[in-house]
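Colleague: Predicted structure and sequence below. I'll ask about it afterward.
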Amino acid sequence: MTSAHLDRAIGALLGSAAGDALGAGYEFGPPLPDGQPVHMAGGGSFGWAPGEWTDDTSMAVPIAQVLADGGSLDDETSLDRVVAAWVGWARTAKDVGVQTRNLLSALPTPTAAAARESAAAYYAANPRGAGGNGTLMRTGPVALGYLGDGQEEALASAARAVSDLTHADPDAGDACVLWSTAVRHAVRDGVMDLDAQLVWLPAERRDRWAALIAEAEASQPADFDKNGWVVQALQGAWSAIHHGTGLVDVLERAVRGGRDTDTVAAIAGALAGAAHGAAVVPEEWREKLHGWPGLDADGLADLAVRALGRGAANLSARPGAAG
Ligand SMILES: [Mg+2]
């Protein structure tokens, strides 16, 4: 693993947290005009402190922690730990998403099996209303455990398994597979290519997602005004990335798209951060970033490094692969 790989792996977490904290004060607001300055000033309906991240990053942290402790996300014990950490967080968090809060607060036991079962029951009862963006927003760290050569398939499976813990709609799982494999590709090669990840989806769903990606590229983030839905959250984030130049511009575009600003920017930031690296996160943002469970930017960076799977050691250096 090179220092550039390391910087990009850290960028997947820091970029996402920066987008989350940047968008926090604008959540539920309307789209903003092109070029309007956006500030990491906190506020919003939950009264965030400047630089404080929200549920998006808080739910990502336990995933990274399990990887950092040597766990694997295809292991039921590790998934149990993730669910238990979420249940603990949700007891005091002020901004748990509706779908996630209902699920976590009603679990008979804080286990992965109970969570999956509850998510599946909710989807069966609400087939058109169970596709919230609450799993795509937290999927950034999943890729860190699967950076090594030949681990794409294991990553696709893990991304879906972690998504299925709270959201059984296949759209949520598909979005997490696309985004997580794109994050892996970005950390390894420094490029962002969503179309190249379609191959990790079930064959019968690839054409639909290809059309959704093309629509995102032909639109602006504000065009996706139902971005609480995982499909439009992905489209808004990809639109910001497609039209943006550099991490800061991408995150600002995501926030100016309006509505679920922190989540769309957190999603965009995981991928753009993985491609551009943590070094481009502005110092002013790094100094302010903080959130549950008592971490700051340095703590999050340290967690990202520790989350790198053993497989990252076989990450082949491919100079010149970017492009
Ligand atoms: Mg949030």
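Modeller: Structure's in. What do you need?

Colleague: what about Asp34, how many neighbours?
Modeller: Neighbour count of Asp34, defined by other Cβ atoms under 10 Å: 10. From N, CA and C alone the C-beta is placed, and that goes for glycine too.

Colleague: Likewise for the one 5 residues further on?
Modeller: When neighbours are counted by other Cβ under 10 Å, His39 registers 13.

Colleague: and it, what does it touch?
Modeller: 22, 25 (Cβ atoms under 8 Å, 6 or more residues apart in numbering).

Colleague: Report whether it is found in a helix, as I expect.
Modeller: No: according to DSSP: H, G, I helix; E, B strand; the rest coil, His39 belongs to no helix; its state is coil.

Colleague: Give me the distance between Leu73 and Ala41.
Modeller: 35 Å (Cβ to Cβ, to the nearest Å).

Colleague: Comparing those two, which shows the higher neighbour count?
Modeller: Taking neighbours as other Cβ under 10 Å, Leu73 and Ala41 compare with Leu73 leading, 22 against 16.

Colleague: Look at that one and give its secondary structure.
Modeller: Following three-state DSSP, we place Leu73 in the coil state.

Colleague: I'd guessed it sits against Val142; true?
Modeller: Yes: using Cβ atoms under 8 Å, Leu73 is in contact with Val142, at 6.3 Å.

Colleague: and the gap between His167 and His39?
Modeller: The gap separating His167 from His39 is 31 Å, by Cβ to Cβ.

Colleague: quick one, what contacts Gly11?
Modeller: 187, 247, 273-281.

Colleague: right, I mislabeled it, should have said Gly44
Modeller: 24-28.

Colleague: Make CSV out of those residues and add secondary structure.
Modeller: Shown next, in CSV, are the contacts of Gly44 (three-state DSSP):
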residue, secondary structure
Ala24, helix
Gly25, coil
Tyr26, coil
Glu27, coil
Phe28, coil
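
Colleague: Which among the residues you listed count as buried?
Modeller: Neighbour-count burial (16 or more other Cβ atoms under 10 Å) is assigned, among those, to 24-27.

Colleague: Using TSV, lay out the residues you listed together with distance to the ion.
Modeller: Shown next, in TSV, are the buried ones among the contacts of Gly44 (distance: Cβ to the ion, whole Å):
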residue	distance to the ion
Ala24	7
Gly25	11
Tyr26	11
Glu27	7
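
Colleague: from the residues you listed, which has minimum pLDDT?
Modeller: The member of the buried ones among the contacts of Gly44 with the lowest pLDDT is Glu27, at 94.

Colleague: What score does Lys94 have for pLDDT?
Modeller: pLDDT at Lys94 comes out at 87.

Colleague: give me the number of residues near it?
Modeller: Lys94 is flanked by 10 other residues according to other Cβ under 10 Å.

Colleague: Kindly report the same for Arg286.
Modeller: Around Arg286 there are 18 residues (other Cβ under 10 Å).

Colleague: any common contacting residues for Leu73 and Val142?
Modeller: Contacts common to Leu73 and Val142, judged by Cβ under 8 Å, 6+ apart, are 63, 158, 162.

Colleague: The second one looks like it's in a helix, true?
Modeller: Yes: when the secondary structure is assigned by three-state DSSP, Ala158 falls within a helix.

Colleague: before we move on, the earlier item: put together a markdown table for the contacts of Gly44, with distance to Gly257 on each row.
Modeller: Formatted as a markdown table, those follow (distance: Cβ to Cβ, whole Å):
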| residue | distance to Gly257 |
| --- | --- |
| Ala24 | 15 |
| Gly25 | 15 |
| Tyr26 | 10 |
| Glu27 | 12 |
| Phe28 | 13 |
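
Colleague: if we take those, which one ends up nearest to Leu234?
Modeller: The shortest approach to Leu234 among the contacts of Gly44 belongs to Glu27, at 17.8 Å (Cβ to Cβ).
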